[in-house]
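Enquirer: can't give you the sequence, but here's the structure:
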């Protein structure tokens, strides 16, 4: 297509040399081409750096910096962009060919939409899983309990400017969630394309897993305190949702506990039942 997309793609990269070329190819093969791709190498290892140094493609700029975290890397790239629309892509993920075309169409047609995402396919061990991740998008109220969007989304640069970019204090994760809250509370909404046009790679070790395992409470607390007035504005909805989630977890815990007790008890009784069965056979004989 010859139509101008008005899109800059930002790809932060940290030690993702095995995947960066697939991510970049998914952008270069879009039905609607991006104006520019900016890859920010955030202090990667020698292997990744060598791969990036070998990329020489028109309208693809590669910036090397010391490790400062994904929020800083994104902000660095977005500051250099000259388009109205920004598309985030993590270096280990990729898009289906029509994502940019369909996301741009939404932003061009509705001035109240600030962010466009899509349904997501899951890639695990180089195989696409049957699971489809279905973020809900919506208004800011839909984001105060959980993140209803994903990092690999397109948004207006104006939205980024209004909130002074990604929060660079959030070096341990959840920066996408906080960014969406900051953006959407300015009366923007997030639209989700009802097609799985984004592919999310599951790895043994990932920043998302580390954030959930080691920093979940601290990160949620940070988001709550930063946007405390928003949470207080919707406190009734917030508390009721937490109660609903807690009840659901307690129910699952009860079911699991009973199931484990049953299995454990059955396994303990198995030798005795076997001996009883053998004894009955001998008795009959």
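Expert: Sure thing, it's come through. Computed from a prediction, not measured in an experiment: that's the story for all the values here.
Enquirer: tell me how far residue 178 lies from residue 64.
Expert: 27 Å (Cβ to Cβ, to the nearest Å). For every residue, glycine as well, the C-beta is placed using N, CA and C.
Enquirer: swap that for residue 169, please
Expert: 23 Å.
Enquirer: and for residue 213?
Expert: Taking Cβ to Cβ, one finds residue 213 at 30 Å from residue 64.
Enquirer: more crowded one of these two?
Expert: Neighbour comparison, residue 213 and residue 64: the larger count goes to residue 64, with 14 against 8 (by other Cβ atoms under 10 Å).
Enquirer: find the nearest non-adjacent residue to that one, please.
Expert: residue 41 (4.8 Å; Cβ to Cβ, 6 or more residues apart in numbering).
Enquirer: okay, the one you found: pLDDT?
Expert: For residue 41, the model assigns a pLDDT of 98.
Enquirer: so it sits in a helix?
Expert: No: under the criterion used here (DSSP: H, G, I helix; E, B strand; the rest coil), residue 41 is strand, not part of a helix.
Enquirer: can you get me a residue count around residue 225?
Expert: Neighbourhood size, residue 225 [other Cβ under 10 Å]: 9.
Enquirer: what packs against the helix or strand containing it?
Expert: Here residue 225 is covered by helix 216-226, with elements defined by DSSP states H and E. Here helix 216-226 touches helix 175-184, going by 3 or more Cβ pairs under 8 Å, 6 or more residues apart in numbering; DSSP states H and E.
Enquirer: now the angle from the helix it packs on to helix 216-226?
Expert: Relative orientation of helix 175-184 and helix 216-226, computed by axes from the mean of the first three to the mean of the last three Cα atoms, to 10 degrees: 20 degrees.
Enquirer: what does helix 175-184 rub up against?
Expert: If you take Cβ atoms under 8 Å, 6 or more residues apart in numbering as the criterion, helix 175-184 is touched by 70-71, 114-115, 139-140, 143-144, 147-151, 155, 159-160, 162-163, 166-167, 170, 190, 222-223, 226-227, 230.
Enquirer: buried subset of those as a ChimeraX selection?
Expert: Only the buried entries of these go into this ChimeraX selection, using 16 or more other Cβ atoms under 10 Å:
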select :70,71,114,115,140,143,144,147,148,149,150,151,155,159,160,163,166,167,170,190,222,223,226,227,230
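Enquirer: and the next element down the chain from the helix holding residue 225?
Expert: Toward the C-terminus, helix 216-226 is succeeded by helix 228-233 as the next helix or strand (DSSP H and E).
Enquirer: that next one: which residues count as buried?
Expert: So, applying 16+ other Cβ under 10 Å, buried residues of helix 228-233: 230-231.
Enquirer: please renumber so the chain begins at 45
Expert: OK, 45 is where the count begins now, so the last one is helix 272-277.
Enquirer: packing partners of that helix?
Expert: Short answer (3+ Cβ pairs under 8 Å, 6+ apart): helix 272-277 packs on no helix or strand.
Enquirer: so where is the chain shaky, pLDDT-wise?
Expert: The chain contains residues with pLDDT under 70 at 45-46, 301, 303-329.
Enquirer: same thing but 50
Expert: The model of the chain has pLDDT under 50 over residues 45.
Enquirer: longest strand of it?
Expert: strand 233-246 (DSSP state E).
Enquirer: tell me what angle it forms with helix 219-228.
Expert: Using the same axes, to 10 degrees, strand 233-246 lies at 170 degrees relative to helix 219-228.
Enquirer: and stretch 111-129, what's buried?
Expert: So stretch 111-129, judged by 16+ other Cβ under 10 Å, has buried residues 113-122, 125, 127-129.
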